[in-house]
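1. just need the structure, nothing else, for what follows:
(one chain, ligands or ions: 1)
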Amino acid sequence: DAGKSGYDHYMLKEIHEQPTAIRKCLRERVSELEGTIMVEELAELECDGPVQFVACGTSYHAALYGAKMIRERGIPAQCFLASEYETDSIPVSEETLVVGVTQSGETADTMSALRAANRAGATTLALTNVVGSSAARECDHVMYIRAGPEIGVAATKTFASQQVALAMLSSVLSGEYSQAFVKQLRDLPDQIQKVLDESNAREIAEEYDGSDAYFFIGRGYNAPVALEGALKMKEISYEHAEGFAAGELKHGPLALVTDQTPVFAVIAGDTNVSKTLGNIKEVEARGAPVVAVTDSPEQVGQYADHVLEVPSAGPLLTPILANIQLQLVSYWVANRMGRSIDKPRNLAKSVTVE
Ligand code: G6P
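-> Model prediction:
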């Protein structure tokens with residue numbers, strides 16, 4: 001218990017460690033004065049071709065977010081579930097950069113995909129938390145996310161650190177930086193602290209625990225956050241939870257929506273607010289309670305039953321803040337249900353079998 005620093009669970013401690021984790025991830029990599037981003041480990045990395053991400057679980061959601069950022073900066077980038085990478089016959093050439101996103105650096109599926117990429121002659125990069133891990137040793141290059149040890153099986157601070165590391169990687173690969181973006185990165189730890197200090201996630205959990213199911217929707221950079229919100233909820237509460245890109249709701253999941261299924265709508269730094277508001281109206285018409293996770297409460301709040309507010313950090317980084325609210329909701333739902341939060345049944349921190 002000594003390691004929990006007074007928190008009831010490692011997971012809650014690690015959620016609260018996120019400001020520090022992000023400061024460490026950024027240290028000596030971003031210069032606000034010059035508006036530059038420089039990752040020393042990547043000084044030798046050259047990438048002219050497409051980028052392919054391989055990852056599992058929470059790391060896959062971070063990879064989805066990273067691939068979007070890299071595409072937005074003009075570089076073709078795709079994301080693959082590591083367990084499907086080899087069977088999918090993905091074309092790989094010597095120009096391809098294959099990035100394995102893996103907290104532990106030991107996940108068997110991710111290691112197999114990275115080995116296959118190396119055999120095919122691709123350049124490989126491990127984005128990992130664990131110094132000297134198998135992924136770090138297997139790959140041509142390694143970038144550490146510097147989150148510090150994570151004990152809780154459910155990944156929390158390492159997800160935020162992966163997102164920030166991927167934001168930096170997208171700048172390094174594209175050579176696109178701006179003083180404004182560097183400032184947003186530097187401001188992020190204080191904004192995370194504000195979310196942690198002011199969150200009403202516990203009250204939301206008290207309102208909705210025991211629901212039939214929990215749904216999470218979001219567009220663009222908020223779509224991977226919706227997937228991650230649902231994964232966190234099912235991992236630690238054992239409740240039925242699903243995340244969708246908001247536009248997919250009407251293509252099936254809407255059939256599951258009732259007045260007993262709260263819908264968490266992530267509208268954070270969103271450039272498509274009106275479309276996601278349309279989705280909110282669709283679920284409200286079916287009686288579902290709506291919780292908006294947003295930096296635009298004045299625009300969105302009137303359509304929601306509750307708001308989990310986050311500060312604005314621009315389109316790329318505000319979703320990181322929204323995810324922290326969802327981590328807290330899952331934690332407090334699981335806590336109220338008396339679950340084994342740090343060691344959920346059937347799950348392991350690192351899965352070393354395929
Ligand atoms: C396990 C963990 C997840 C994690 C996934 C990938 O399933 O329970 O929390 O996201 O492995 O792990 P990695 O270490 O590769 O990021």
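2. quick check: closest non-adjacent residue to residue 81.
-> residue 60 (6.0 Å; CB to CB, 6 or more residues apart in numbering). No exception for glycine: its C-beta is placed from N, CA and C like everyone else's.
3. need phi/psi at the closest residue to the ligand within the stretch 1-150 of the chain.
-> Nearest to the ligand, among the residues of the stretch 1-150 of the chain, is residue 57, at 2.7 Å (CB to the nearest ligand atom). Residue 57 adopts backbone torsions of phi 60, psi -140, taken as degrees, to the nearest 10.
4. the residue positioned nearest the centre of the chain: what's it in contact with?
-> Residue closest to the average C-alpha location in the chain (CA atoms, centre = their mean): residue 62, at 4.3 Å. Shown in contact with residue 62 (CB atoms under 8 Å, 6 or more residues apart in numbering): 55, 101, 159, 162, 163, 166, 224.
5. up against the ligand, what does the stretch 251-354 of the chain have?
-> Taking CB under 6 Å from any ligand atom as the criterion, the neighbours of the ligand within the stretch 251-354 of the chain are 347, 348, 349, 350, 351.
6. next, format these as TSV and append pLDDT, secondary structure and neighbour count.
-> Shown next, in TSV, are those (pLDDT from 0 to 100; DSSP: H, G, I helix; E, B strand; the rest coil; neighbours: other CB atoms under 10 Å):
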residue	pLDDT	secondary structure	neighbour count
347	95	coil	13
348	93	coil	11
349	95	coil	15
350	92	coil	14
351	94	coil	15
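7. these into CSV, with extra columns for distance to residue 237?
-> Output for those, formatted as CSV (distance: CB to CB, whole Å):
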residue, distance to residue 237
347, 12
348, 18
349, 18
350, 22
351, 20
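8. helices and strands around the lowest-mean-pLDDT helix or strand in the chain, which ones?
-> Each helix and strand of the chain was given a mean pLDDT (mean pLDDT, DSSP states H and E); the minimum falls on strand 30-31 at a mean of 90. Here strand 30-31 touches strand 36-37, helix 179-198, going by 3 or more CB pairs under 8 Å, 6 or more residues apart in numbering; DSSP states H and E.
9. picking that back up, the residue nearest to residue 81 reaches residue 102, doesn't it?
-> No - at 9.8 Å, residue 60 and residue 102 do not qualify as touching, with contact defined as CB atoms under 8 Å.
10. contacts only, for residue 101.
-> If you count contacts by CB under 8 Å, 6+ apart, residue 101 has them with 53-55, 59-60, 62-63, 66, 110, 127-128, 162, 166.
11. what's around the single nearest residue of the stretch 151-300 of the chain relative to the ligand, how many residues?
-> With distances taken as CB to the nearest ligand atom, the stretch 151-300 of the chain approaches the ligand most closely at residue 155, which sits 4.2 Å away. The local packing of residue 155 (other CB atoms under 10 Å) involves 28 other residues.
12. ok, back up a step: more neighbours: which of residue 60 and residue 102?
-> Legend: neighbour count by other CB under 10 Å for residue 60 and residue 102, higher for residue 102 (34 against 25).
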